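[1] Structure for the following, please:
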Amino acid sequence: MSTDAIVLLKEDHKAIKAAFKRFQEAGKNAHATKGRLVDKIIELLTVHTYIENEVMYPEVCGLLPTLEGDILESYEEHHVADLLAAELAALSPEAERFDPKTAVLIESVTRHIDEEERELFPRVREALGRKQLSEIGERLLEAKAKAPDSPAQPSALKKTVDAVIK
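    Sure, this is the predicted structure:
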């Protein structure tokens with residue numbers, strides 16, 4: 001298994017997008033299935049955003065200060081995903097707004113993933129060596145082992161963002 005940070009994060013992206021696809025392919029009245037899928041989506045997103053917020057983004061911002069604006073935007077996109085995930089966790093799959101709220105989450109996260117893979121990751125890979133990306137990847141795996149599996153409180157995210165921009 002690779003410990004390259006970008007490879008690890010792209011593997012997470014692939015799993016998240018696969019869960020999105022399963023949700024989108026579920027039938028209109030497949031409430032129980034959709035509920036389980038959203039639970040899985042929330043878990044995948046929470047773990048992923050945690051390791052990016054706690055390890056990848058601070059590391060990248062420290063090593064590549066020119067990417068600070070991109071990183072701060074990514075924190076905000078994670079914050080929006082966390083809020084939507086928390087709202088979805090509180091909704092019944094039968095609720096009128098469950099499917100539309102999930103669609104907005106999927107659209108937002110898909111755009112974020114695409115931007116990371118198309119713009120941020122290539123810039124990071126170009127600037128950092130294989131050894132640095134492997135070291136960051138090892139820290140990502142360590143963080144993943146202790147990551148929460150439900151959305152972080154906004155105050156926890158704010159502390160992380162504040163620490164990066166200081």
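
[2] quick one: which helix or strand includes the residue nearest to the spatial centre of the chain?
    Using CA atoms, centre = their mean, the residue of the chain that lies closest to the mean C-alpha position is residue 49, 3.5 Å off. Using DSSP states H and E, residue 49 maps to helix 31-51.

[3] give me the low-pLDDT residue ranges for the protein?
    Counting by pLDDT under 70, the ranges of the chain that qualify are 1, 152-166.

[4] Show me what counts as buried in the helix or strand just after the helix holding residue 49.
    Remark: after helix 31-51, the chain's next helix or strand is helix 57-63, criterion DSSP H and E. By 16 or more other CB atoms under 10 Å, the buried positions in helix 57-63 come out as 57-61. Just so you know, the C-beta spots here come from the backbone N, C-alpha and C atoms, and that holds for glycine as well.

[5] As a quick check, tell me the outermost residue of the protein.
    residue 29 (27.7 Å).

[6] Now that one: phi and psi?
    The phi/psi pair for residue 29 (degrees, to the nearest 10) reads phi -100, psi 20.

[7] Now render the buried residues of helix 57-63 as a markdown table, adding distance to residue 134.
    Compiled in a markdown table, the buried residues of helix 57-63 are given as follows (distance: CB to CB, whole Å):
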| residue | distance to residue 134 |
| --- | --- |
| 57 | 18 |
| 58 | 17 |
| 59 | 12 |
| 60 | 15 |
| 61 | 19 |
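
[8] and which of the residues you listed is nearest to residue 78?
    Among those, residue 57 lies closest to residue 78 (CB to CB), at 8.8 Å.

[9] is it true that that closest one touches residue 68?
    No - using CB atoms under 8 Å, residue 57 makes no contact with residue 68, being 9.7 Å away.

[10] In the protein, which helix is the longest?
    helix 68-90 (DSSP state H).

[11] Next, the angle from the next helix or strand after it to helix 68-90.
    Along the chain past helix 68-90, the next helix or strand (assigned with DSSP H and E) turns out to be helix 98-115. When axes from the mean of the first three to the mean of the last three CA atoms, to 10 degrees is applied, the directions of helix 98-115 and helix 68-90 differ by 160 degrees.

[12] Going by neighbour count, which residues of helix 98-115 are buried?
    For helix 98-115, a neighbour-count test (16+ other CB under 10 Å) marks 98-99, 101-102, 105-106, 109, 112-113 as buried.

[13] helices and strands around it, which ones?
    Applying 3 or more CB pairs under 8 Å, 6 or more residues apart in numbering; DSSP states H and E, one finds that helix 98-115 contacts helix 5-25, helix 31-51, helix 68-90.
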